[in-house]
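A.B. asks: Generate coordinates for the sequence data below:
(one chain, ligands or ions: 1)
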Amino acid sequence: MELFHISAECYPAAKVGGLADVVGALPKYQSTEGHDVRVVIPAYDTKFINENEFECVHWSHVKLGNFNFPFSVHKEKTDKLGFELYVIAIQELFDRKEVYGYEDDIERFVSFQIATLDWILGRREIPDVINCHDHHTGLIPFMMLYAHKYQKLKNIPTVLTIHSGLYQGIFGFNKLYYLPEFDLAHVGVLEWGNAINSLAVGIKCASAVTTVSPNYLNEINHSSNGLESLFNMVRQKSKGILNGIDEKVWNPATDKVLVSNYTIDTIENGKQKNKEKLCDIFDLDPSKPLFSFIGRLLEEKGADLLPQASALALAEHLNEINILILGSGNETIETELNQLLPDYKGNYNTFIGYNEDLAHLIFAGSDFLLMPSRVEPCGLNQMYALRYGTIPVVRRTGGLKDTVIDFEDGGNGICHEQTSVTDICTSIRRALKMYEDKKTLNKIRKSGMQIDHSWSSVCKEYIEVYNLIIKRNES
Ligand code: ADP
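C.D. replies: Residues are numbered from 1 along each chain as shown. Here you go, the predicted structure:
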């Protein structure tokens, strides 16, 4: 099967969060299953894109309403990621450091989608399936169905994979002219809540919709930022498929970032060495349990509760715990987290920023990983934590509910129901009790490391969806 994944992110070429991890891994595993897989992302000004060799395979102009931007398509020469990676360079719009967060993000991603389709249209081969990811690519299924110039592509089945329903790529009908000419009888398809909603458009037009965990699919029927009724309408063509993890990248036995690699048999010693390194860097005490948080410092992650929860837990257990936070995002949360530093020196520290290597070391060197999320479509961090023998402390929501079971119910984590400071602190207390009982702690750590969250099993579920929509399109 020839498959295209079209996305805003792909690890390691451009990463903000879990979307990149998925688009960097799923295609690799699909390739090893014998499929021809191509991933297309914008050409940002990132280290990977600048430092690797690409060859130009196509160039033209992308028309965005009255504007014309030159664009070119470049293929990474060696297929070192395990699939063909293509980056679309659109001058003025994507040669920037960040993936998102610009005022003209709508213009950027609409032109990326048009340029991608223009290029696919010009190729000799027609893909078997196009898998779009999140709202940045949500207009693609619509344009393939209704834009005059893409009629040759209209029978290609499409999948929209939703990694987050919170962000929807909404813009006014005053920008309708950005889209290539299409059959105006279908203009209503673009509308949701009196605006053009890229995610809603993708949900309506894709042949199939997938979410990144089964439980998230249930949740978005009740709570998805205004898209609830739409999700209910498309239930028939929707499926929740739990993300996997890339075991080649996330493996404590081979991870080059760790100061000591370890397996289930050597976890105690291996973990302690990584913890010592981490504690040395952040002035913490390696003889005490280490609770960490890694992620975007946003309300959806429950990060707004971390300053108060950390302060309370540290005040209650000052001589018993360490807390370490890695992340960036909301400036108020960043400031509040840093304000605790002078009071809890030696027990608490932060790294405000993004640091991939540090994240690996934290997974290895921590005892517990805090994930008090309000919304977690899948969540990869809890799976990385389990793989590194670190016990996830999570709020039961989304994919966390699918992947973390409380140790008192026979699972490998610590779970709470509410997104509240009280619940986080109660979980920390339970974690401390578990930490005192080294026999139980090690048993839980080891069984967590053995859980199979690999893509090998998951990627078959995607292929099943592709086969289904190919068959449906043929009949
Ligand atoms: P989301 O995609 O919602 O941010 P996920 O848990 O699915 O959450 O994936 C987040 C990914 O981004 C993980 O690989 C995580 O380790 C990584 N990550 C998030 N913030 C940081 C950071 N500040 N430094 C390093 N890695 C980070």
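A.B. asks: Close to the ligand: what parts of this structure are there?
C.D. replies: 17-19, 21, 294-296, 326-328, 354-356, 359, 378-381 (C-beta under 6 Å from any ligand atom). Where C-beta positions appear, they are placed from N, C-alpha and C, glycine not excepted.
A.B. asks: wait, isn't L361 in contact with L278?
C.D. replies: Yes: using C-beta atoms under 8 Å, L361 is in contact with L278, at 5.7 Å.
A.B. asks: Just the buried subset of the residues of the chain next to the ligand, please.
C.D. replies: With burial judged by 16 or more other C-beta atoms under 10 Å, the buried subset of the residues of the chain next to the ligand is 17-19, 21, 294-296, 326-328, 359, 378-381.
A.B. asks: Where helices are concerned, which of these count?
C.D. replies: Among those, DSSP state H puts 18-19, 21, 359, 381 in helices.
A.B. asks: I'd like the residues you listed laid out as JSON lines, including pLDDT.
C.D. replies: Shown next, in JSON lines, are these (pLDDT from 0 to 100):
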{"residue": "G18", "pLDDT": "96"}
{"residue": "L19", "pLDDT": "98"}
{"residue": "D21", "pLDDT": "97"}
{"residue": "A359", "pLDDT": "98"}
{"residue": "N381", "pLDDT": "98"}
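A.B. asks: Closest to the ligand out of those?
C.D. replies: Ranked by distance to the ligand (C-beta to the nearest ligand atom), those are led by G18 at 2.3 Å.
A.B. asks: count of neighbours near T137?
C.D. replies: Other residues lying near T137 total 29 when counted by other C-beta atoms under 10 Å.
A.B. asks: H186 now?
C.D. replies: There are 13 residues near H186, going by other C-beta under 10 Å.
A.B. asks: Skipping its backbone neighbours, what lies nearest it in space?
C.D. replies: Distances taken as C-beta to C-beta, 6 or more residues apart in numbering put Y146 closest to H186, at 4.7 Å, once the chain neighbours are dropped.
A.B. asks: follow-up on the earlier one: would you point out the most distant pair within the buried ones among the residues of the chain next to the ligand?
C.D. replies: Between any two of those, the greatest separation by C-beta to C-beta is 20.9 Å, found for S328 and C378.
A.B. asks: State whether D406 and C415 are indeed in contact, as I suppose.
C.D. replies: Yes: with contacts counted by C-beta under 8 Å, D406 reaches C415, the gap being 4.3 Å.
A.B. asks: What count of nearby residues applies to L176?
C.D. replies: 14.
A.B. asks: what do you get for E474?
C.D. replies: 8.
A.B. asks: Also P127?
C.D. replies: For P127, the neighbour count with other C-beta under 10 Å is 19.
A.B. asks: in the chain, which ranges drop under the pLDDT threshold?
C.D. replies: Along the chain, no part satisfies pLDDT under 70.
A.B. asks: quick one, longest helix in it?
C.D. replies: The chain, longest helix under DSSP H: helix 455-474.
A.B. asks: ok, residues contacting that helix?
C.D. replies: Contacts to helix 455-474, defined as C-beta atoms under 8 Å, 6 or more residues apart in numbering, come from residues 1, 3, 25-26, 28-30, 33, 35, 128-129, 131, 155, 157-159, 207-208, 210, 239, 241-247.
A.B. asks: Give me the buried subset of those.
C.D. replies: Buried among the contacts of helix 455-474 by 16+ other C-beta under 10 Å: 3, 25-26, 28-30, 35, 128-129, 131, 157-159, 207-208, 210, 239, 241-247.
A.B. asks: For the ligand, see how far away Q308 is.
C.D. replies: 21 Å (C-beta to the nearest ligand atom, to the nearest Å).
A.B. asks: Just give the nearest non-adjacent residue to that residue, would you?
C.D. replies: Excluding the flanking residues, the one nearest Q308 by C-beta to C-beta, 6+ apart is V421, at 4.9 Å.
A.B. asks: which ones are touching N355?
C.D. replies: The contact partners of N355, taken as C-beta under 8 Å, 6+ apart, are L326.
A.B. asks: Specify the local secondary structure of S111.
C.D. replies: With DSSP: H, G, I helix; E, B strand; the rest coil as the basis, S111 sits in helix.
A.B. asks: is it true that R430 lies in a helix?
C.D. replies: Yes: assignment of R430 by three-state DSSP places it within a helix.
A.B. asks: Hmm, it is touching I414, no?
C.D. replies: Yes: assessed by C-beta under 8 Å, R430 is found in contact with I414 at 5.5 Å.
A.B. asks: Now do the shared contacts for those two.
C.D. replies: With C-beta under 8 Å, 6+ apart, R430 and I414 have no common neighbours.
A.B. asks: Between the two, which has more neighbouring residues?
C.D. replies: A direct count of neighbours by other C-beta under 10 Å for R430 and I414 places I414 higher, at 24 against 17.
A.B. asks: and that one, what are its phi and psi?
C.D. replies: phi -120, psi 130 (degrees, to the nearest 10).
A.B. asks: who's it bridged to?
C.D. replies: Beta-bridge partners for I414, by DSSP bridges, are V393.
A.B. asks: what sits against it?
C.D. replies: By C-beta under 8 Å, 6+ apart, the residues touching I414 are 368, 391-394, 406-407, 427, 430-431, 434.
A.B. asks: one more time with 7 Å
C.D. replies: Residues near I414 by C-beta atoms under 7 Å, 6 or more residues apart in numbering: 391, 393, 406-407, 427, 430-431.
A.B. asks: Then W59?
C.D. replies: Residues near W59 by C-beta under 7 Å, 6+ apart: 71-72.
A.B. asks: May I ask which helix or strand encompasses it?
C.D. replies: strand 54-64 (DSSP states H and E).
A.B. asks: coming back round to it: show me which positions of the longest helix of the chain end up buried.
C.D. replies: By 16+ other C-beta under 10 Å, the buried positions in helix 455-474 come out as 455, 458-459, 462, 465-466, 469-470.
A.B. asks: which one of those residues is nearest N194?
C.D. replies: For the buried residues of helix 455-474, the residue nearest N194 by C-beta to C-beta is I469; the value is 30.5 Å.
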